[in-house]
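*Asks:* how would this look folded up:
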Amino acid sequence: MVTQEQRRRQLAREKFLRQQQRRTEARQKAKVRNSVIASVLGVVLVGSLALYTTGVMKDDKDDKANASATADPTPSAVKDPCEKPAEGKVKTQTWKKEPAVTIDKSAKYTMKLATTCGDIDVALNAAAAPHTVNSFHHLAGKGYFDHTKCHRLTTNGIYVLQCGDPTGSGSGGPGYTIPDENLKDKSLKGGVYPAGTVAMANTGQPHSGGSQFFLVYQDSQLPPSYTPFGTVSESGMTVLKKIAAAGENTGAGDGAPNATVVIDKATVTKS
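*Replies:* From the prediction side, this is the model:
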């Protein structure tokens, strides 16, 4: 998955290009107006230049007004839809190697994320992603995800909530990595991770997943490089959409959620 900084730079470049295009169009329109005025009135150079300048400055003001209107609200203006986190501390334990696979690959497993914004239930696909599901079974059993913040929300281009980093920085992990799995899942049609998908985040390199994962709340165009290993329940999707509606804190479409999303308790159970 692209880093938060790469996404922010991409959005900034796109915004700059849109502004430049609007300014160029405004200048061209102004030049046409000036030519018409000059031909009708003769020597009115001062008036034409004044009109040209006014047109460009107005476009600049419109750009600022449009940017202000479309940007996400500042954190201080957004009502936090979530509750106060439960008391407790994040655990910092790490492991040197991936735990041995001990889950039953033919059984059904469910992960429950009891968050400050509501419960998010995830049906895990042990048959297609045994290493991933086994790792989550291990980590949840150790309380690794308890009291951790979901540190990233994207609201432009891709639509995901990212969690699973005890440091909250986007660079934390359990000390080991797990192999990529299930990258040819039939649900990933046309390079789209459909809403409800739960998949592993990684560094951009093969087999670099650790503990960080993302939950897709709206169909998102992504390369098939992120292990899909679960599906969010209908009630869990309602929680995700509530979090997404509160926006993120940069206004650029990629930042920390304005909602205080903390996983009070994560459990993985066999059914």
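
*Asks:* Can you check the pLDDT for Asp63?
*Replies:* The model reports Asp63 with a pLDDT of 42.

*Asks:* Am I right that Lys149 is in contact with Val262?
*Replies:* Yes: using Cβ atoms under 8 Å, Lys149 is in contact with Val262, at 5.4 Å. All C-beta atoms are positioned from the backbone trio N, CA, C, and that covers glycine.

*Asks:* higher neighbour count, these two?
*Replies:* Between Lys149 and Val262, Val262 has the larger neighbour count (other Cβ atoms under 10 Å), namely 23 against 20.

*Asks:* measure the more buried one to Leu215 for me?
*Replies:* In this structure, Val262 and Leu215 are 15 Å apart, going by Cβ to Cβ, to the nearest Å.

*Asks:* With Lys112 instead?
*Replies:* According to Cβ to Cβ, Lys112 stands 13 Å off from Leu215.

*Asks:* so what sits against both of the two?
*Replies:* Here Lys112 and Leu215 have 120, 122 as joint contacts, going by Cβ atoms under 8 Å, 6 or more residues apart in numbering.

*Asks:* Show me which of these two is the more surrounded one.
*Replies:* Under the neighbour definition other Cβ under 10 Å, Lys112 and Leu215 were set side by side, and Leu215 has more, 27 against 18.

*Asks:* per-residue pLDDT, the more buried one?
*Replies:* On the pLDDT scale, Leu215 is placed at 99.

*Asks:* Name the SS class of it, please.
*Replies:* Assigned by DSSP: H, G, I helix; E, B strand; the rest coil, the conformation of Leu215 is strand.

*Asks:* Who are the contact partners of the closest residue to it other than its chain neighbours?
*Replies:* Leaving aside its chain neighbours, Leu215 sits nearest to Leu161 (4.9 Å; criterion: Cβ to Cβ, 6 or more residues apart in numbering). Leu161 makes contact with 150, 152-153, 214-215, 217, 240, 243-244, 257, 261, according to Cβ under 8 Å, 6+ apart.
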